[in-house]
Structures are given as C-alpha cells and as structure tokens.
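>>> Just to be clear, the model below is a prediction. Sequence and coordinates:
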Protein chains: 2
Amino acid sequence: MGEPLQDMHMPDGVGPGSLNANKLFLGNFVHSKTREELEYLHSAGVFVDTTGVIVAIEPECDLAKAREHVFPRLGWESEHVQVVACKPGQFFFPGFIDTHIHASQYPNAGIFGKSTLLDWLNTYTFPLEASLSDLNKARRVYTACVRRTLSHGTTTSAYYATIDVAATNLLADICLALGQRAFIGRVCMDHADLCPSYYRDESPAASLAAARASIAHIRTIDPDFSLISPILTPRFAPSCTSDSLRGLAALHAETDLPIQTHISENLPEIDLVRSLFPGSSSYAAVYDDHGLLTPRTVLAHAVHLSDEEADLVARRGAKVSHCPASNSALTSGTARVRRLWERGVEVGLGTDVSGGYSPSVLEAARQASLVSRHVAMGLAEGKNRETAKLTAEEVLFLATRGGARVLGLDDAVGGFEVGKQWDAQLVGLAVVDDMGETETHDGKGGDDAGNVDIFGWETWEERIAKWLFNGDDRNTKMVWVRGRLVHSRQ
Amino acid sequence: MGEPLQDMHMPDGVGPGSLNANKLFLGNFVHSKTREELEYLHSAGVFVDTTGVIVAIEPECDLAKAREHVFPRLGWESEHVQVVACKPGQFFFPGFIDTHIHASQYPNAGIFGKSTLLDWLNTYTFPLEASLSDLNKARRVYTACVRRTLSHGTTTSAYYATIDVAATNLLADICLALGQRAFIGRVCMDHADLCPSYYRDESPAASLAAARASIAHIRTIDPDFSLISPILTPRFAPSCTSDSLRGLAALHAETDLPIQTHISENLPEIDLVRSLFPGSSSYAAVYDDHGLLTPRTVLAHAVHLSDEEADLVARRGAKVSHCPASNSALTSGTARVRRLWERGVEVGLGTDVSGGYSPSVLEAARQASLVSRHVAMGLAEGKNRETAKLTAEEVLFLATRGGARVLGLDDAVGGFEVGKQWDAQLVGLAVVDDMGETETHDGKGGDDAGNVDIFGWETWEERIAKWLFNGDDRNTKMVWVRGRLVHSRQ
C-alpha cells in the first residue's frame, strides 16, 4: 500500500473495504459541480454506510466532530467505524467511468500499426477475439484487463466481450469477484458477408439466443443487476443483419436492458453502412429504423455524425461514448464534443481498448483535451475555435458524471452526494523536497510516487491539471466500489 | 533496483556503472537501423571500455564465449569486467535524446489552461523563469527536472535555462554531477517592447556578456565540453533585438558552439515576427539574415514553415526539434515531419516542457505518432494522407538517432555501433501470468512492473509497439551515459 492510513480503525478481521462496516472518509474531496466547474471540499467528512451508500457529508469535519455529532445522529457505534483520512495534499475523487472498452482486445493494447478501422478489425481484432473461446485464455485476458482498469481508478466499465457465451459469462464472474461495476456485452455479429467465417453468429436466432443465455447467467450471479448488468451489444451496423438488429430491439423492449454499439467512426465504414442499408437515410437512422436508438443506447465514437444525425440522437435521448485515443490512433477523425453538448447529447469517455492504446480513463481524459484542440485547429479563427477546446474541468466531468449519465447511473455514482454510492479513488501526488528529490506525502521516497511533482506553491486547480496531464495508476492509491475496497497499491 | 542482474560481477567498491571498469552487456539490443527499420540483436554482447566507448559487438555471444574469445582480444582481465545481462524479454535500447526542453519551466508541466503561445508566456512562463534567480529554488527545480528526465531514459537533453547566469551555471553543475549529457542554454532576450520589464537582458551587450559568462563557467567544469556543452540560445526572434541576434551569430562564428531557438510555432507569433522584422522575407529568413541559420542550429517547432522556408532550412543544414505534445496542448498546429524529411531536414523530438506537459521522450514519441495521424486527417484522401503517418519505428528513430543528428552527436550516440559511446537504457516489460496477474520478468509482482502487459505470444515488433504506447519510466530499469550508470529503479 503506497500510503499508510492515518486514524484507521480496523476491528479484527475487517479490512478497510469490508462491506459490513460503516466508513468515514476524511479530508479533501474533489468532484464535478457542473460541467465547467470542479467543487473542492476541504477538511470534510463523507459517511458511507454498510451498503456502500453515502448517508452524510459534513463540511469542516474531523474525527472528534464526527464522533460527537454525526455518529450519534446516524446511530453508528464509534468503535466499529472504519476511518480513512487523506494525507495532506491527497484527495478523494469519484471513480472513473469507462463507457466503451473491449475487454477481449486488451492484449492488443498499443498494437495497431498504420491500420484504420476496417483492416484493423480483420488484421488484429477478430483473430484475438475468436481465440478467447479458449476459457483459460479468456480468464487470463479478462483478469488482467479488470485488474488493470481497477488500478487506473475505473470503478465502472461498459465492456464488449466476444461472441462466445461462456467466455462472456466468465468476464461477468470476474468483474463480480474483483468488485468492479460492469456492463457485460455479449457481442452480436451475424452478417455472413461482413464477419469472418471463423467468428460470427450462425443466424439472427442464434445471435439472440446467445444474448439471452448471457443475460440469464448474469441474473444468476447478480439477480438485481445491482453491480453487474447485461448490455445488449450489436457490434455495429455492418456486422449485423436487419433481423438480428430488430431482434435485439425487441429484447430491449422486453427487458429494458441498455444497448451499446458503434457509430460513424470512420469514413469508409460510413460508406459501407450506406451501401448495406440503402433504405435508411443515415447511419444514425439505421439504428433508429431498427428500434435501437433509445435513452439507454450508448453510441461509441460518433466522429462524423451530421447535424441531422446529432439532432436525431439527441431527440431519442441516446448517449455518446467519446473515444479520443482510439480516434487518433486509428486515424478515424476528431469527434466534436462541444457540438454534441450544444445539441443536447450526453457524452462520456471510452478508452476503446484496443482501438485505444490505453486502458486508463485518465489517459482518455488527457486525449479528450488534446483532441479538442485538434478540433479547434481545424476550425477557422473565431468564437467556435476558442470554444471547441475542452478544459481540464470538462474532461474530468466526462470521465465521471458524464459517464454516469451515459450509462444511466447518474443517480448512483459520478459524484459525492448523499444517496449516491461510494465509487471513489484516493489520489496522491508526489512532493518535491528542498533538494529536488521526490517523495510521497508520508515522507517515503521510492519509485511508486508517480510522475506528478508537486512543489508546494500550486493551487488546487493546478494540482488537478498536473494530475490530469502527468498522472497515472501510481497516483491512484486506493479504489472503492459501492464502499468495498477493490484496489490498493502494495 | 527493479531487476536484479544476472551474472553481475562486481569487484569490491565498484558499482555497475563505475567508470573505471570494462563492461559487458549481454542479451537483446534494439536500435534503429534506418529511419524505417529497427534492428533486433538477440543473444549478443556489447563490450564497453573504461571510457564508456563501445569497443566490440559480438552476435551469438554469452559469457563463456566472451571470456574465451573476446576479452583476450581486447586485453581485458575477466575478473574485473562488469557483466550486465538482460532477463528474458528485457532489452537494451539507446538512451533518448530530448532536443528541446525548458528545465526552468519544469514545475509548470501540465499547467497551461486554454492558453496559446503568447499569452502562455506572459501568464505562466515568464514569472516562473524569473523566480529562478533564487538559487535555492533553481537547485530544487533543476535537480527535480534532471532526475525525472534521467528516470525516463533521457541521456541527452538540450536545455533552456533562464536569463540568470548563476542559475544557468547551476543547471550545468547538476547535469554534470548527475551524469546527464546536456547542452545548457543561457536564454538571451533583450527586446524591451516584447519582454517583461522584470525579466529581460538590459542590452545586447549585457545579453552577450551573460552568454559568455555561462560558456566560461562550463569550460571550467568540463573543459572539452565532452559531456556538458554550452548552446547559444536566442529565445526566439520576437524577444531579441537585431543587435543581440547578430552578436550571437558572431559568437557562434568565433566558438562553433551550437545554437537553439524557436521558429514558426503559432500563427500570431508569425505575424508578430513579420511586423518586427519587415526587412526579412520570412521567419526563417530572419534567422538567416542574422547569420543564425547554420548546420549547428536547432529550430524548435517549425509547425507552419512554408515550403520556401523548409528549403532554406535544408540548404543551411539547420535542424528541427519536433515538439508534438506541446503543439497540441497549446493549440499551435500540427508539424509535418514527413514533409521536412522529404525536403532534407533532419528532425528530432523535443518534450518542450512546459509547453509540452511531459518530460518523457517516450511520451513525445507517442504524441509524434498521434500528431502525424492528425496531419494525415487534415489531408485529402490519397498517397500523401497515408504517408504522413509515422510508424513506431520512425518515431523511435526520432527519439534516438534523429535527435543525435539534430544535436551533432551522430558519431557519438543514438545507436549501438563500435566507436559510439554507451548511452543506453535497459527496458523491461511486465509479464501476465497464467492467472492474469502481472509480474516482472524476475517473477516478482508489485506495482513497479509498469503498465505494459506482455502475454508471451507477441512478436518483438509488437512488444516495441506496446512499450511505445503504454510504457513509462517504470519500464526503464537502468540508464547509462558514457558507460556510467546514472539511474536505476530502487
């Protein structure tokens, strides 16, 4: 554990993330107040009950005040409360939400050559995904992926698995065991012309039956879908027949389960969709015409949406997962987040591993900032150019509350409010001592302090900017989902 | 130290980087063969003498063969040779070369808001640089910067310091003490209208005298400039008078010292140069007209050079430092590396801290790859669009041999050849075990293994791509400059 905890009280046998203890978090809390603004709560206390729900937030709170005033009010017995306090300079931040990640592609992170979407799928992606029908391989890959994303502070992931039901179910089991909130998508792809013969569903009926089988499994391990939920996953329009798209829409109508797919990632893909679905007026219309454009639909990429398509997406209440690292790496284009917001579309961030090279949502936020500057550079001088740029506050909103809205979790996670669940990370930055050497906040040197060097004169806003641009998993000291400690640095 | 060494023989009191021992490096060596191609030497041996120079490279070499055949030929006594052997999967790679970094701006890494060049200078940069006339502060900042860049595998840096001579000299002292090869630039800026009153040289004469004072200091600590060299540093055309530019050109003619400056970073800056130097036909012509465009000149950015300017730069043999992270962060533009290469201009990479947010050349290489894709996306479909993209091999060339050429060090460093100096890093990637857990190559788990997960089926080319896109300082296990061990992970 990188940072020993101050004032931690742990009854025998109860770890710092045990579900059966009430918890008090003390110190600095930073979260999005609005899209434009972070709120900084200092010397505050957040009280989390045994079910992982925030039941009180007290400004100007220390342990003495909590014991004297708050525990009695909550009916908590002081000696059984676990207390986790920040060191000076550390802060609690909402857990990150990855609205688009292919767990099955994790081993290919960073491998894409000079490919673009359609050749990338055939060269790198389909062979790897198909190979995960070997459950030993799937276990290895999925465990590595879930552990890594937890270490990067990802408390919720919307996963694409593969077409294999058993391997998809294994991913659900692993997320439940490791404690990550997750949407598990068994991938539907049944178009005989567009999917490789070695990796496709045999028919629309087979595709739907497999989707149902995976839903049934998840219902056995998490009956209320309270931590692990199925998500209907037509891969993207070109890989699906109209029949399977309609079948999934019917399944959505029956179950109200969320839907995830891809849209308008690159130009040849859009041409392909146009030729495959001549009866629909646009890519977005393909999904709409098949009943898949709903308030519970997550559309990854949306790079090249026309204004009409963006308006259609907004009218249907569908959401967008912005995947900046992937879009740059695969030369797909530059998605215009500001324009989507202005048209009323909710946006979150996706790492899109392995189109995106990194499983870190912090890296995705960093890339969202940089890509927004490339959007700006593509525009003529003037107001639009200036406003296209996203601020540090805005990309961190995308990474937390934005993602929660995209996944329909805005009542549950994404910020620190009473009634929300404690999905959070403890962030610590390195301190430069008087001699120019780096140490951690508790005075220990060493390699685990991370790359963010704090000199001591920085404002809180500047610390957050430094974390955004140079932070990595080393700065994420602890991670909790629904009150359970699911990761800590050793 | 993250990775214990196999077969390391260390006589009492002699560390693995001691200058007074001959050294044998065994295992995998990866370096640029050409701009397009990496060369992979496996099971090889590289023999480095007590002066840090590579004296032999043997394919298919192990310790027994070295002892039997090579040591006798070299006249080395076996028992006094230090042996450093890679673990399986580890490899030696040339040290990175940062052709443009402002050590004085290191504390601002990641802090730039929505600014662009000219307001960024006044808001963030000049106040910080001016404050480093406090030598205690300068020592703290420069030590942190040099330690960090060494930890990222940077064996050579071309630094901008500040206008303060004492602080600039301190940076030179720190680089020498910590063992980093460095060019130390005392910043010249004397234009009364363009530089803030609190941070500028009083006159061209004062500017030149200060430059000479810093050169004189470096001559006392490294008389042959063999590790630490001065570099003449007119900040950029708008901050210098014609008199000081001409004075520096004369000083170059007198000393043959290298020159570094900025060029054509963003559009308002170019307009400003046009208005300040109406007698010159272009930004590049301003430097040329003042005698500063030479084979020893390093021009940072070169984002918006016209074809005529690029040709002029090529004719003069001047070099370009490409700073992709900075250019994206400050919304400066997208530099076209392929075009510069096609016109005969040598290019290296610059982190450009703190216009660039990261002191890592590996991050600069990653950004060079991504920015080249943004260049491609700005072009019409066709051959140019495809060729604009830089491969992993090409950006790693930029980070090593390209940088060496830019700084006039191509005979000394940048690759592994007999006669070159041993400026190198040992790179290790993490291994995913059968259960999906990460461990280091020596079987130890823990947080220091880094973010690059190797599953075991990857080709060497794929391992390098994974390192490029997800690697960080944790993968750089050891760093040597001129045979001296200057960094190792604890």
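Perfect, I can see it now. Residues are numbered from 1 along each chain as shown, chains lettered A, B, ... in the order given.
>>> Tell me where the stretch 151-300 of chain A has strands.
Remark: strands assigned in the stretch 151-300 of chain A by DSSP state E, counting those that start in this stretch are A:154-160, A:181-185, A:187-188, A:228-230, A:233-234, A:259-263, A:297-301.
>>> Point out where chain A drops to low pLDDT.
Flagging of chain A using pLDDT under 70 yields the residue ranges A:1-19, A:440-447, A:490.
>>> mind giving me the domain split of it?
For chain A, the structural domains run A:23-94+A:423-488, A:96-406, going by automatic domain parsing.
>>> So what does the residue in the stretch 1-150 of chain A positioned nearest to chain B have for phi and psi?
Using Cβ to the nearest Cβ, the single residue of the stretch 1-150 of chain A nearest to chain B is A:T143, 2.6 Å away. Where C-beta positions appear, they are placed from N, C-alpha and C, glycine not excepted. Backbone torsions of A:T143, given as degrees, to the nearest 10, read phi -60, psi -50.
>>> Tell me who's in contact with it.
A:174, A:178, B:435-437 (Cβ atoms under 8 Å, 6 or more residues apart in numbering or on different chains).
>>> need the residues you listed in JSON lines with neighbour count, can you?
Below are those laid out as JSON lines (neighbours: other Cβ atoms under 10 Å in any protein chain shown):
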{"residue": "A:I174", "neighbour count": "24"}
{"residue": "A:L178", "neighbour count": "18"}
{"residue": "B:M435", "neighbour count": "10"}
{"residue": "B:G436", "neighbour count": "22"}
{"residue": "B:E437", "neighbour count": "14"}
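>>> Cross these against helices and list the overlap.
In helices, judged by DSSP state H, the following of these are found: A:174, A:178.
>>> now the contacts of A:T143 in a markdown table, with distance to B:E393?
Output for the contacts of A:T143, formatted as a markdown table (distance: Cβ to Cβ, whole Å):
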| residue | distance to B:E393 |
| --- | --- |
| A:I174 | 36 |
| A:L178 | 37 |
| B:M435 | 34 |
| B:G436 | 31 |
| B:E437 | 32 |
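>>> Quick check: which element contains the residue positioned nearest the centre of chain A?
The centroid of chain A falls nearest to A:D98 when counting by Cα atoms, centre = their mean (1.3 Å). According to DSSP states H and E, A:D98 maps onto strand A:96-102.
>>> Any idea how far apart the tips of stretch A:311-328 sit?
With Cα to Cα, to the nearest Å as the measure, stretch A:311-328 spans 25 Å from end to end.
>>> what's the answer for stretch A:107-117, then?
End-to-end distance (Cα to Cα), stretch A:107-117: 18 Å.
>>> Which residues belonging to it are considered buried?
The neighbour-count check on stretch A:107-117 (16 or more other Cβ atoms under 10 Å in any protein chain shown) flags A:107-112, A:114-117 as buried.
>>> related to what we said a few turns ago, and the strands of the stretch 151-300 of chain A: which comes nearest B:I270?
strand A:297-301 (34.7 Å; Cβ to Cβ).
>>> Could you list the paired strands of that closest one along with their orientation?
Paired strands of strand A:297-301, with direction, are strand A:259-263 (parallel), strand A:319-322 (parallel) (DSSP bridges).
>>> show me what contacts the nearest residue to A:I215 once chain neighbours are set aside?
The spatially closest residue to A:I215, leaving aside those adjacent along the chain, is A:P230, at 4.3 Å (Cβ to Cβ, 6 or more residues apart in numbering or on different chains). Neighbouring residues of A:P230 by Cβ under 8 Å, 6+ apart: A:183-186, A:211, A:214-215, A:218, A:257.
>>> right, and the pair among those residues with maximum separation?
The largest separation in the contacts of A:P230, counting by Cβ to Cβ, is between A:F183 and A:A211 at 13.3 Å.
>>> which parts of the stretch 201-350 of chain A sit against chain B?
For the stretch 201-350 of chain A, the contact set with chain B under Cβ under 8 Å from any Cβ of the partner chain comprises A:328-329, A:331, A:333-334.
>>> give me that answer again for 6 Å
Residues of the stretch 201-350 of chain A found near chain B (Cβ under 6 Å from any Cβ of the partner chain) are A:328, A:331.
>>> Alpha carbons of stretch A:397-407, in PDB - could you do that?
The C-alpha trace of stretch A:397-407 is given here as PDB (Å, rounded to 0.1, in the frame of the first residue of the first chain):
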ATOM      1  CA  PHE A 397     -16.600  15.800 -15.900                       C
ATOM      2  CA  LEU A 398     -16.700  13.500 -19.000                       C
ATOM      3  CA  ALA A 399     -14.700  10.900 -17.000                       C
ATOM      4  CA  THR A 400     -17.100  10.800 -14.100                       C
ATOM      5  CA  ARG A 401     -20.500  12.400 -14.100                       C
ATOM      6  CA  GLY A 402     -20.700  12.400 -17.900                       C
ATOM      7  CA  GLY A 403     -20.000   8.700 -18.000                       C
ATOM      8  CA  ALA A 404     -22.600   8.100 -15.300                       C
ATOM      9  CA  ARG A 405     -25.200   9.900 -17.300                       C
ATOM     10  CA  VAL A 406     -24.300   7.900 -20.400                       C
ATOM     11  CA  LEU A 407     -24.700   4.600 -18.600                       C
END
